[in-house]
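>>> Return a 3D structure for these sequence lines:
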Amino acid sequence: MSFAVFGVSKELAQTQATKRLKAIEKAGVESAKKTVESWKFDRKLSKVDIAIKILSNIGEIPQEAYQNAFIELVAFYMNKLAPKQISPTYGNPKRCSEFIDIAKRYGVNKIKARQCIRKPDPKKPGRYRSEWCNVPAHLMR
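Residues are numbered from 1 along each chain as shown. Model prediction:
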């Protein structure tokens, strides 16, 4: 049996936020102007929207607006992204609980320990497939 810890790490969220902001900058001023024109009058602007609006007006995003948008996007992606395996595989679920304690200190979100279980493949008789299932709480102690 193998066990691993799944979660959303801050590094993954930062990578996604950087990609999003680079895509906004790469799209350019014309794209930003079209986006701003499509907004409704009473729209509440987020920090990312403010960065797009500044880009449409002056042609670049200032450092302060970029940082504010980046921080907002990281928080957004920490809640939106699907959990991925963030630990190596362990043979004991107690090691997963130790890893979870450490990961919580570094801001990992949606942390769960999972166990890799082999199940018969319904489409191919005689074959098995691996599947990650949540570890019962009594095993984590």
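
>>> Just the helices from this protein, written as ranges.
Along the chain, the segments classed as helices by DSSP state H run 10-38, 47-58, 63-80, 93-105.

>>> beta partners for R114?
For R114, the beta-bridge partners are A4, N134 (DSSP bridges).

>>> residue contacts, it?
By C-beta atoms under 8 Å, 6 or more residues apart in numbering, the residues touching R114 are 3-6, 132-135. In this view, the C-beta of every residue, glycine as well, is placed from N, C-alpha and C.

>>> same thing but 10 Å
Taking C-beta atoms under 10 Å, 6 or more residues apart in numbering, we find R114 in contact with 2-6, 83, 85, 93, 96, 131-135.

>>> What is the nearest of those residues to P120?
For the contacts of R114, the minimum distance to P120 (C-beta to C-beta) is 10.7 Å, reached by E131.

>>> How about the residue positioned nearest the centre of the chain, nearest residue that isn't a chain neighbour?
Nearest to the geometric centre of the chain sits L81, at 3.4 Å (C-alpha atoms, centre = their mean). Spatially, and ignoring its direct neighbours in sequence, L81 is nearest to V8 (4.8 Å; C-beta to C-beta, 6 or more residues apart in numbering).

>>> The one you found reaches I86, doesn't it?
Yes. Between V8 and I86 there is a contact under C-beta atoms under 10 Å: 8.3 Å.

>>> Of these two, which one has the most company?
Each of V8 and I86 has its neighbours counted (other C-beta atoms under 10 Å); V8 has more, 22 against 19.

>>> still on that earlier bit, could you report the pLDDT at the residue nearest to the centre of the chain?
For L81, the pLDDT comes out at 91.

>>> same check, this time on R141
R141 carries a pLDDT score of 64 in this model.

>>> shaky segments in this structure?
Counting by pLDDT under 70, the chain contains low-confidence ranges at 140-141.

>>> Deepest in the core, which of the helices of the chain is it.
Of those, the one with the most neighbours on average (mean count of other C-beta atoms under 10 Å) is helix 47-58, at a mean of 18.
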